[in-house]
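**Q** Fold the following and give me the result.
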Amino acid sequence: MSLASIKLKTLHEPADIGDEWRTPHALALGIEAMTGDFSYDLFTDGTINARFRNFITNDQNALAVDWCAMASDDRLPASGFANPPYSRSEKNQHGEYFKGLKECMEKAYEEMLAGFKSVWLVPSATGAGWFPRHTATSIWFLEGRVTFEVPDWYRQDPSKPRPTSARGDSMVVIFDPAHDTKQTILYPKTRDLIKLGKEILARRQARYA
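**A** Residues are numbered from 1 along each chain as shown. Model prediction:
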């Protein structure tokens, strides 16, 4: 069943979420505060779940978009955040990959060489074939699991189990064209990044109160 059809269901069950788990807003802002402003949310379901003002939708397919050209056309800094699909690699009807962590890491490296900075929230999987041990400029192994959020369109079927976002440990992977030293490895606490993000949200709310 397509994502569009799943959204139209009256009630949902956990399996309907698939790859559509949302990054907690405070965590995304905490990561941004530590790495620099993001012009784009690279993998989104559209306005309904984008964490940043500008974004690429599933239908647009981030893996097929030229990010540097997009930023140039929009007159924005070439930077973006990504919480990509975690499921296996897959091609669309045009023969283009639209998901797959191997393809995501390859795309991130390619765009970095062209001048685009991307920051990724992905599973901590050092033994995986896609792990960017030689291409990422920084890797943060998060201490404390991330509690991902259900998408806004999700309406719980009361007769079904409630969803759980236990997806294992996470890491932040950075591809920064301005990074001119050896790869940086850090171990930040997830709760500290969330705390920082909540402080940012509180200041924003106070500003418009």
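**Q** Look up the pLDDT of the nearest residue to Asp169 once chain neighbours are set aside for me, please.
**A** Leaving out its chain neighbours, the residue that sits closest to Asp169 by Cβ to Cβ, 6 or more residues apart in numbering is Ser124, at 4.0 Å. (Glycine included, C-beta is placed from N, CA and C.) In the predicted model, Ser124 carries a pLDDT score of 96.
**Q** Ile200 should be in a helix, yeah?
**A** Yes: under DSSP: H, G, I helix; E, B strand; the rest coil, Ile200 sits within a helix.
**Q** what's the burial count for the closest residue to Arg133 other than its chain neighbours?
**A** Excluding the flanking residues, the one nearest Arg133 by Cβ to Cβ, 6+ apart is Thr126, at 7.6 Å. By other Cβ atoms under 10 Å, 9 other residues sit near Thr126.
**Q** which residues are contacting the worst-scoring helix or strand of the chain on mean pLDDT?
**A** Lowest on mean pLDDT, DSSP states H and E among the helices and strands of the chain sits helix 3-7, with a mean of 87. Contacts with helix 3-7, where a contact means Cβ atoms under 8 Å, 6 or more residues apart in numbering, come from His12, Asp16, Gly18, Glu20, Asp45, Asn58, Trp153.
**Q** So the closest residue to the last one other than its chain neighbours versus Ser87, what's the distance?
**A** Taking Cβ to Cβ, 6+ apart as the measure, Trp153 lies nearest to Lys7, with 4.7 Å between them; neighbours along the chain are not counted. Computed with Cβ to Cβ, to the nearest Å, the distance linking Lys7 and Ser87 is 18 Å.
**Q** would you list every one of the helices in this protein?
**A** 3-7, 25-35, 67-74, 101-114, 190-207 (DSSP state H).
**Q** still on that earlier bit, count of residues packed around the residue nearest to Asp169?
**A** 17.
**Q** Which pLDDT value goes with the residue of the chain most remote from its centre?
**A** Going by Cα atoms, centre = their mean, the residue of the chain most distant from its centre is Ser159, 30.7 Å out. On pLDDT, Ser159 comes in at 95.
**Q** For it, grab phi and psi.
**A** Phi and psi for Ser159, reported as degrees, to the nearest 10, are phi -90, psi 0.
**Q** shift numbering so it begins at 48
**A** Fine by me, first position is 48 from now on; the one you just mentioned is Ser206.
**Q** quick revisit: close enough to count as contact, the residue nearest to Asp216 and Gly215?
**A** Yes: in this structure Ser171 lies within contact range of Gly215 using Cβ atoms under 8 Å: 7.0 Å.
**Q** Grab the most central residue of this structure for me.
**A** Asn130 (1.5 Å).
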